[in-house]
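Enquirer: Below are the sequence and a predicted model; questions follow.
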Amino acid sequence: MTVATSRIDSTPQWARLREHHRAVARVHLRTLFADDHDRAERMTAEAAGLVLDYSKNRATAETIALLCDLARRAGVAERARAMFAGERINVTEDRPVLHVALRAPEGERIVVDGRNVVDDVHAELRKMTQLSDVVRDGRWEGHTGEAVRNVVNVGIGGSDLGPAMAHEALRPYSHPDVTVRFVSNVDAAALWEATHDLDPARTLFVVSSKTFTTPETLTNARSARQWVVGALGDDAVARHFVAVSTNERAVAEFGIDPVNAFATWDWVGGRYSWGSPIGLALMISIGPARFRAMLDGARAMDEHFRDAPLERNLPALLGMLGLWYTNFFGAETHAVLPYSQYLSKLTSHLQQLDMESNGKSVGLDGEPVGVATGPIVWGQPGTNGQHAYHQLLHQGTRLVPCDFLGFCRPSRALAGHHDLLMANFFAQTAALAFGKTAAEVVAEGVAPEQVPHRTFPGNRPTNTLLADELTPRTLGAIVALYEHKVFVQGALWNVNSFDQWGVELGKVLASDIEPALAGAEPSYDASTNALIRRYHTARG
Ligand code: F6P
């Protein structure tokens, strides 16, 4: 793959967008809809069971055409082809980027270093299936011979967020007799809360760490081992711990039976690894068939992303529109607002996916990117957010593009609930787009001094994603949609979306500071020294 060297903002396509922006920025969504009756129909695209209505964006057919020109100039499609083919597009780590191989059907060939990685993926899926079935059926016996009924995943970042998010999203599909929990934070409260009411004899830990060197995960795993050993003795470790890692030696040193070690691969980034064995605890929870349905949903979105023209390509549309707001309207953040309680952890997962991928300021050529890159991603499930931060979305001074996600059928049914939830879902995007004019407020008989306070400017852009129901397949499609959206933006900005050097400095400093917390005189900057001394004093 060739590395683009010219800055995207110095291309003629960018200049045309800048000029076009001057005209479009003045037009209200009310006008765009009034002038174009087919707009909603035309600006709706569908794939993998997801409907995307992007008509409530401050964009015209010309905007989309110009953004597609920019994407062609940036070589988005060529870069996607390189990813699917297994080229080493993660150039700073010299690795292919093949989360799409995790969803590839048996029989497909993607060769890395002479190996067909799709065969490796399916071998590991079969091994995961075996273990999941044994645990789910109550046939996995702990050290005392009792059946394991609790599973605790110990991992952090991508070795936690994706599987934990999916476990939460798919709770209605989880095994009724198996408790699955996730521990990530090294704050002892996390492990304590996850284990204090469990019986060690009936608990299995899945230590998920691609590198098996992450201090938080290893610290939690060691404390979990002590908890098991304290109750059941040294020999219990083999029956109560399994691991997922690329680091077989460290797994064995931890005392985990190699038979119970699952592989993951260098060519899957942590934040893209939920469909790999890193999702083992999730598979135990929802069962192998549903896990595969989730992968099938992701695969359907992968194929759509790979094959559909940019103009009808959901990830490309989301990516290009995101750039439109970030770089031309100066939007700093992007809200993702799922109208589903079960998607309460989606935004946390998307934060890592997007911000760890595109939170970069240097391009593939090593030069400053020169334009704003990945936005701050945030949001919570609706309708809760409406009673918290939607005030700012409707009447604040900032432009916050939002994605609204909703489902036609409920995950849990109680009379009246779902229609009320979805009425709010539909109302919010309409209110944000069209607002309420001062004339409309006056016509309601509002006192003149109140009118400015009760006027809604509208013209606030949203995407609406609608699916029939939150199923494993739909969830897979949603996650893959955002993965490819992030890919498109990374390609447009010419950054490497697949490394994360930015997390290293803090890690190194923490490992340096940790010994000083045991009492040694700190020798850092004046502020850090003073804070550590205060910590020493408080700890006596
Ligand atoms: O935070 C940095 C990071 O490397 C993430 O990218 C990764 O998902 C996480 O740490 C956990 O890493 P590991 O799976 O190796 O423990």
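Expert: Here it is on my side, so go on. Numbers count the residues shown, from 1 in each chain.
Enquirer: which stretches of the stretch 51-200 of the chain form helices?
Expert: 61-74, 76-84, 117-136, 161-169, 188-195 (DSSP state H, counting those that start in this stretch).
Enquirer: which one of those helices lies closest to the ligand?
Expert: helix 161-169 (7.7 Å; C-beta to the nearest ligand atom). C-beta: built from backbone N, CA, C; applies to glycine.
Enquirer: Can you add mean pLDDT and give the helices of the stretch 51-200 of the chain back as TSV?
Expert: Converted to TSV, the helices of the stretch 51-200 of the chain look like this (pLDDT from 0 to 100):
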stretch	mean pLDDT
helix 61-74	98
helix 76-84	98
helix 117-136	98
helix 161-169	98
helix 188-195	98
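Enquirer: can you tell which of the ones you listed is closest to residue 452?
Expert: helix 61-74 (30.7 Å; C-beta to C-beta).
Enquirer: now the angle from the closest one to helix 76-84?
Expert: 50 degrees (axes from the mean of the first three to the mean of the last three C-alpha atoms, to 10 degrees).
Enquirer: hang on, the earlier thing: which one of the helices of the stretch 51-200 of the chain is the most hemmed in?
Expert: Highest mean neighbour count of the helices of the stretch 51-200 of the chain: helix 161-169, a mean of 26 (counted as mean count of other C-beta atoms under 10 Å).
Enquirer: Which residue, other than its chain neighbours, is closest to the residue in the stretch 201-350 of the chain positioned nearest to the ligand?
Expert: Nearest residue of the stretch 201-350 of the chain to the ligand (C-beta to the nearest ligand atom) works out as residue 270 at 2.4 Å. Counting by C-beta to C-beta, 6 or more residues apart in numbering, residue 158 is the residue found nearest to residue 270 once chain neighbours are left out, at 2.8 Å.
Enquirer: which bits of the stretch 101-250 of the chain sit near the ligand?
Expert: By C-beta under 6 Å from any ligand atom, the residues of the stretch 101-250 of the chain that approach the ligand are 156, 157, 158, 159, 209, 210, 211, 214, 217.
Enquirer: pLDDT wise, what is the closest residue to the fifth one other than its chain neighbours at?
Expert: Translated: residue 209. Once flanking residues are discounted, residue 209 sits nearest to residue 217: 4.6 Å by C-beta to C-beta, 6+ apart. pLDDT for residue 217: 98.
Enquirer: so when I look at residue 217, I'm seeing a helix, right?
Expert: Yes. Secondary structure of residue 217 (DSSP: H, G, I helix; E, B strand; the rest coil): part of a helix.
Enquirer: I'd say it and residue 210 touch.
Expert: No. Under the criterion of C-beta atoms under 8 Å, residue 217 makes no contact with residue 210, lying 9.8 Å away.
Enquirer: shared neighbours, those two?
Expert: Residues touching both residue 217 and residue 210 (C-beta atoms under 8 Å, 6 or more residues apart in numbering) are residue 159.
Enquirer: Buried members of the residues of the stretch 101-250 of the chain next to the ligand into PyMOL, please.
Expert: Only the buried entries of those go into this PyMOL selection, using 16 or more other C-beta atoms under 10 Å:
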select buried, resi 156+157+158+159+209+210+214+217
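Enquirer: pLDDT averaged over stretch 299-307 - what is it?
Expert: 98.
Enquirer: ok, and for that stretch, which residues are buried?
Expert: By neighbour count on 16+ other C-beta under 10 Å, the buried set for stretch 299-307 is 299, 300, 301, 302, 303, 304, 305.
Enquirer: Check this protein for its longest helix and report it.
Expert: In the chain, with assignment by DSSP state H, the single longest helix is helix 472-493.
Enquirer: what helices or strands is the very next helix or strand once past that one leaning on?
Expert: Counting by DSSP states H and E, the element after helix 472-493 in chain order, helix or strand, is helix 504-517. Packing partners of helix 504-517 (3 or more C-beta pairs under 8 Å, 6 or more residues apart in numbering; DSSP states H and E): helix 215-232, helix 526-539.
Enquirer: Pull out the C-alpha coordinates of stretch 523-533 and format them as PDB.
Expert: Only the C-alpha atoms of stretch 523-533 are listed here, as PDB (Å, rounded to 0.1, in the frame of the first residue of the first chain):
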ATOM      1  CA  SER A 523      11.800  13.000  42.500                       C
ATOM      2  CA  TYR A 524       9.500  14.300  39.800                       C
ATOM      3  CA  ASP A 525       8.200  17.800  39.000                       C
ATOM      4  CA  ALA A 526       7.200  20.100  41.900                       C
ATOM      5  CA  SER A 527       3.500  19.500  41.500                       C
ATOM      6  CA  THR A 528       3.800  15.700  41.300                       C
ATOM      7  CA  ASN A 529       6.200  15.600  44.300                       C
ATOM      8  CA  ALA A 530       3.800  17.600  46.500                       C
ATOM      9  CA  LEU A 531       0.900  15.400  45.600                       C
ATOM     10  CA  ILE A 532       2.800  12.300  46.400                       C
ATOM     11  CA  ARG A 533       4.000  13.700  49.700                       C
END
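Enquirer: contact partners of that stretch?
Expert: 513, 516, 517, 522.
Enquirer: Take those residues and lay them out in a markdown table including pLDDT, distance to the ligand and neighbour count.
Expert: Output for those, formatted as a markdown table (pLDDT from 0 to 100; distance: C-beta to the nearest ligand atom, whole Å; neighbours: other C-beta atoms under 10 Å):
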| residue | pLDDT | distance to the ligand | neighbour count |
| --- | --- | --- | --- |
| 513 | 93 | 18 | 13 |
| 516 | 87 | 23 | 17 |
| 517 | 92 | 21 | 13 |
| 522 | 90 | 25 | 16 |
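Enquirer: Tell me which two in those are the farthest apart.
Expert: 517 and 522 (8.6 Å).
Enquirer: one step back: please find the angle between the direction vectors of the longest helix of the chain and helix 76-84.
Expert: Using the same axes, to 10 degrees: helix 472-493 against helix 76-84 is 120 degrees.
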